[in-house]
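Trainee: got a sequence here, can you build the structure:
(one chain, ligands or ions: 1)
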Amino acid sequence: MGSGLSLIASVAILRSSINDFVPQEIRSCLLELVSRFSSELTMVIYDSHEGSNNHLFNALMIYLGSNAFSTASLPKRVTVGKNENIKALTFSLDRNCKIVDTFNGVDMKWAYCSEFNAALQYELKWYELRFHKRHANMVRNKYLPYILETAKKIKNQNRVVKFYTTRGGRDGWSCKGINLDHPMTFDTLAMDGNLKQKVIEDLDRFIKGKKYYKKIGKAWKRGYLLYGPPGTGKSSLIAAMANHLNFDIYSLNLSAVSSDSSLDFLLLHMSNRSILVVEDIDCSIELQNREAGDHPSDLDPTPRRPQVGVTLSGLLNAIDGLLSCCGDERIIVFTTNYKDRIDPALLRAGRMDMHINLSYCTFSTFKQLAANYLDIWNHDLFPRIEKLISEVQVSPAEVAGELMKIRDPKTSLESLSRLLESKREAAKFSAPPPSVPEGLEDAPGGSSEIPYQRKEHQVQSSCKTNDLADAIFSKQTKIPSSATPIGPASNGSKKCKSNGRFAFDLEPEMLLEQFSQGEKAYYPVAIGFVNMMYNSSYIGQPHFLYGLIAGYARKYTSQQHVSSVPACHNSDLSPDELFAHMIPYEPGRVSEGTHRYPLDHYLSIRSPAEVAGELMKIRDPKTSLESLSRFLESKREAAKFSAPPSSATEGLEDVPGGSSESPYQTNEHQVQSSCKTNDLADGIFSKQTKIPSSATAIGPASNGIKKSRSNGLKKSKSNLSTRTFCCGHPKAKIRGPNYKCYINFLSD
Ligand SMILES: Nc1ncnc2c1ncn2[C@@H]1O[C@H](COP(=O)(O)OP(=O)(O)OP(=O)(O)O)[C@@H](O)[C@H]1O
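Mentor: Numbering: from 1, shown residues only. This is a model prediction of the structure:
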C-alpha cells in the first residue's frame, strides 16, 4: 500500500517536473511521436469553438454527467448541483476525471481536463475522447450526433416550464418568466374517447418532425385551435401540452399589443420550444378585415376609427409569414368559445393545423374525473349519473367542482346527482342545444370546419333572429325537410314573436346544393339567414352564408365572377331584384360592411396551403394522396355549385406603370383589366327599375380602354326609395340611410 502511494506520488512529481521543465513545443512533438505509433485517436472538445460557445462541450457535460452512474467504471469525482431552472439534480465529471462510455460495443474513453491560463486569467476546459482509429467515422457520423441529441432530450426533460406574459402597457415579455407549476398533465386531464391519445400522438409527431419540416420547407411550428364552451378544459389542455413537451408558455394578450410591429417584436423574442397562447381570440381584439380595414373610402361619410393595435393581416403574417420561420419548435394555440367568430383565414391549415373541440362532460369524462378526484372507478350511483349526464350539459369544470367539495365518494356523487337533476329541470324550460361531441379535426380547406353548434348558437342568441326565422319560414312555399324547430329560445325574451328556434341539420355544402338546384323555396331561407346575421352584429361572421349565397347567385345568374354581399334590412327583395345587385368579385376584396370577410376561403379550389395541409396529415403516401383526392373531389363538387373564379396561372409580371401604387389607380387598373366589369356595371344599371337621378358618371377610365362597352365608373348619390347603391372602387361608394346594398365593381 505504502509503495503504491509512493509510486503515484513519484509519477505525479515526474509529470509536473516534465510540465515545468520541458517546453510546450517539445511536449507536443513527443505527444505526436507517441500518437504515430498508437492505434488510438484523440479528439479534443474545448469549451469554446471558433469564438463562441461550443455546443458539443455543453452537451458532453450533460451527457457524461447523466451517464456517470451507469458506466461500468465509475468516475472518481463528479460535481452535483441544482438550479431553479432545472427540475432534478444534475451531475458532471469533475476535472481530470475519466469515464468509459460504451457505444455500439466500442469503448469511448473520456477525460475532463482543465488548465488555468495565468496570462489570460482564464480557465481553459476541454474533454478528450480516445478510441481506436478504425472507429473514426462511426464516432463522427453516429456517436457525436447521438450525444448532441441525447443531451438535448435530457436537458429538455429537466428544464422547468416557464410562463411569460406581455408586460402591462409595454411591448415585451415579462423579463424572467415565472415557473409554471401547473399540475395538469395528460394523466389528470379528462378527455373523451381516444381524443387525448390523438392529441398526444400529434404532439409527439410534431416534436420528432425536425427533419420532416426541413424537408418540406415549412417552419417547424404547429397551430392548434381549442374551442368549446367555458369550463371544458381548454386552458387545462394547454397546461397538459406544456408539461408533456416541457415547452414554455407565452401568453399573449392581443389587446395589450400596440401595433403589428410590436407583435413581430414579441414573436421574435420568444424562445424555441415554446407555446404561444392567445386565449379567447374571438373577443380579445377586434381584428379588422384585411381589405376593408386597409382601404378607407374618401367618399364614405362614415367616420372610421383610427387603426390601433394589431390588425388581422398583422396577426396572419406574424403566425404564418416569414417571421414565423425565426424560431423552431413553436406551437401556437388559440382558444375560443365561439369558433365561428374567427376569421377563416386564421383557421386554415398552416395557421391552425388542428381544431380540437372540447365539449361538455360525457360519462367517460366523468369517470376519469371521479377516478382523479375520488379514487373510484365504479359506484352504485354511476348508472344514475350516466343517465343524467346524457340528458344535460354540464362542463367538466362544474363536475370537478362538485367532486372536490366532499371527499367521501357517496356524499360527493349524491351532490353531483342533485346538481345534474337541477340542471335537467332548468333545461326543460330553456332547452339548450345539444352539445357537439368532442373531437379533433385536421384543419380542412372546406366547410366541414363549420360546426353545427354554431348555427344553433346564432339562432339562439338573438331575438331578432327568431322574428326573422318566423318571417322566413312563413314566406317559404316549401319548407326544407331538413329544417327543424329545436325548441324555445333559452333567453325566453318576450320581444320574440316566436320562441321557436330553427336550425338546419344540413351541412353547408348540402344546403348550397339545395339552393343551387334552383329551388327558390330555399331562397328566402338563405336571405333570411344573411339578414339574421347581419342584424345580430355580435353573433359572428356570416362569411359562410355569404359564400353560399354567392354560390347560388353565380349559379342562378350564370355569372362566373359574381359575389354578393347583400344585406337588406327589409327582406322583401325578389330573387331577381337581389341578383340584379350581384357584383363582380375579386377574391379577398370585399369592401364594405361590418362583416365582410374574404370569400377566397370558399372560392379558391385549392391553395398550396390546403394541399400541403392535406399531405401533412398522414405520412403514408398512399393514404395521404387518397385523403387529398377526397378533399379535391369534395371541392370539385362544391365548385359545381359555387363556380369559383378560375385561378390565374402563376407567373411573373412587370408592375404596370406604377398603377398598383395608389388605390385610385388600382381601381383604374381593375377596370382596365376586366371588360366584364363594365359590362356588368352597365347591366346592373340598365336592370334597375329606376336609375337614380343623381347617378353620375365620374369619368372615363384614364386608360381609355376600348374593349369595354362602358368605360366609365358610375356612382349614385341619391337614395332610390330608401335604397342606395355604391359602385366602383371602395373609394367611390355612397351609402344610403335605410337600405344597405352595396355594389362593387372590382376586377375579376
Ligand atoms: N377536461 C378536464 N379534465 C380535468 N379537469 C378539468 C377539465 N376541464 C375543466 N377542468 C377543471 O375545471 C377548471 C377550469 O377549466 P379550464 O380553465 O381548463 O376550462 P376552459 O375551457 O379553459 O374555460 P374558459 O373557456 O372559461 O377559459 C380546471 O382548472 C380544471 O380543474
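
Trainee: only C-alpha atoms for contact and neighbour calcs from this point on.
Mentor: Noted.

Trainee: list the helices and strands whatever helix or strand residue 629 lives in packs on?
Mentor: Here residue 629 sits within helix 621-642, counting by DSSP states H and E. Under the contact criterion of 3 or more CA pairs under 8 Å, 6 or more residues apart in numbering; DSSP states H and E, helix 621-642 touches helix 508-516, helix 543-557, helix 608-617.

Trainee: send me it as PDB with only the CA atoms.
Mentor: Taking C-alpha atoms only, helix 621-642 is exported to PDB below (Å, rounded to 0.1, in the frame of the first residue of the first chain):
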ATOM      1  CA  PRO A 621     -48.000   8.500 -49.400                       C
ATOM      2  CA  LYS A 622     -50.900   6.300 -50.500                       C
ATOM      3  CA  THR A 623     -53.200   7.200 -47.600                       C
ATOM      4  CA  SER A 624     -52.200  10.800 -47.800                       C
ATOM      5  CA  LEU A 625     -52.800  11.100 -51.600                       C
ATOM      6  CA  GLU A 626     -56.200   9.300 -51.100                       C
ATOM      7  CA  SER A 627     -57.100  11.900 -48.500                       C
ATOM      8  CA  LEU A 628     -56.000  14.700 -50.800                       C
ATOM      9  CA  SER A 629     -58.100  13.200 -53.600                       C
ATOM     10  CA  ARG A 630     -61.200  13.000 -51.500                       C
ATOM     11  CA  PHE A 631     -60.600  16.600 -50.400                       C
ATOM     12  CA  LEU A 632     -60.200  17.800 -54.000                       C
ATOM     13  CA  GLU A 633     -63.200  15.800 -55.100                       C
ATOM     14  CA  SER A 634     -65.300  17.400 -52.400                       C
ATOM     15  CA  LYS A 635     -64.000  20.800 -53.600                       C
ATOM     16  CA  ARG A 636     -64.900  19.900 -57.100                       C
ATOM     17  CA  GLU A 637     -68.400  19.000 -56.100                       C
ATOM     18  CA  ALA A 638     -68.700  22.200 -54.100                       C
ATOM     19  CA  ALA A 639     -67.300  24.200 -57.000                       C
ATOM     20  CA  LYS A 640     -70.000  22.900 -59.300                       C
ATOM     21  CA  PHE A 641     -72.400  25.000 -57.400                       C
ATOM     22  CA  SER A 642     -70.300  27.900 -56.400                       C
END
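
Trainee: tell me the mean pLDDT over that helix?
Mentor: Averaging pLDDT along helix 621-642 gives 70.

Trainee: now do stretch 165-177
Mentor: 72.

Trainee: same check on stretch 322-340?
Mentor: 83.

Trainee: what about the nearest residue to residue 231 once chain neighbours are set aside, how many neighbours?
Mentor: Excluding the flanking residues, the one nearest residue 231 by CA to CA, 6 or more residues apart in numbering is residue 397, at 4.9 Å. Residues near residue 397, counting by other CA atoms under 10 Å, number 16.

Trainee: likewise residue 359?
Mentor: Around residue 359 there are 25 residues (other CA under 10 Å).

Trainee: host element of it?
Mentor: Counting by DSSP H and E, residue 359 is found in no helix or strand.

Trainee: the ligand versus that one, what's the distance?
Mentor: Computed as CA to the nearest ligand atom, to the nearest Å, the residue 359 to the ligand distance reads 9 Å.

Trainee: right, and that residue touches residue 226 too?
Mentor: No. Residue 359 lies out of contact with residue 226 (CA atoms under 8 Å); the separation is 10.3 Å.

Trainee: close to the ligand: what parts of the protein are there?
Mentor: 189-191, 229-236, 337, 396-397, 400 (CA under 6 Å from any ligand atom).

Trainee: can you tell me which of those are in helices?
Mentor: 234, 235, 236, 396, 397, 400 (DSSP state H).

Trainee: could I get the contacting residues of the third one?
Mentor: Yep, that's residue 236 we're talking about. By CA atoms under 8 Å, 6 or more residues apart in numbering, the residues touching residue 236 are 184, 189.

Trainee: okay, it: pLDDT?
Mentor: 94.

Trainee: how near is it to residue 276?
Mentor: Using CA to CA, to the nearest Å, residue 236 is found at 15 Å from residue 276.

Trainee: just the first one next, same as before
Mentor: Here the criterion is CA to CA. By it, residue 234 lies 14 Å from residue 276.

Trainee: now do the fourth one
Mentor: Remark: distance between residue 396 and residue 276 (CA to CA) = 24 Å.

Trainee: dump stretch 400-419 to PDB, keeping only the CA atoms.
Mentor: The C-alpha coordinates for stretch 400-419 follow below in PDB (Å, rounded to 0.1, in the frame of the first residue of the first chain):
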ATOM      1  CA  ALA A 400     -64.800  18.800 -10.900                       C
ATOM      2  CA  GLY A 401     -66.100  21.500  -8.700                       C
ATOM      3  CA  GLU A 402     -68.800  19.100  -7.200                       C
ATOM      4  CA  LEU A 403     -66.400  16.200  -6.800                       C
ATOM      5  CA  MET A 404     -63.900  18.400  -4.900                       C
ATOM      6  CA  LYS A 405     -66.400  19.600  -2.300                       C
ATOM      7  CA  ILE A 406     -66.600  16.500  -0.300                       C
ATOM      8  CA  ARG A 407     -64.000  13.700  -0.400                       C
ATOM      9  CA  ASP A 408     -66.500  11.000   0.600                       C
ATOM     10  CA  PRO A 409     -67.500   9.300  -2.700                       C
ATOM     11  CA  LYS A 410     -71.100   8.600  -1.800                       C
ATOM     12  CA  THR A 411     -71.900  12.100  -0.500                       C
ATOM     13  CA  SER A 412     -70.000  13.700  -3.400                       C
ATOM     14  CA  LEU A 413     -71.800  11.700  -6.000                       C
ATOM     15  CA  GLU A 414     -75.200  12.400  -4.400                       C
ATOM     16  CA  SER A 415     -74.300  16.100  -4.500                       C
ATOM     17  CA  LEU A 416     -73.400  15.800  -8.200                       C
ATOM     18  CA  SER A 417     -76.600  14.000  -8.900                       C
ATOM     19  CA  ARG A 418     -78.600  16.800  -7.300                       C
ATOM     20  CA  LEU A 419     -76.700  19.300  -9.500                       C
END
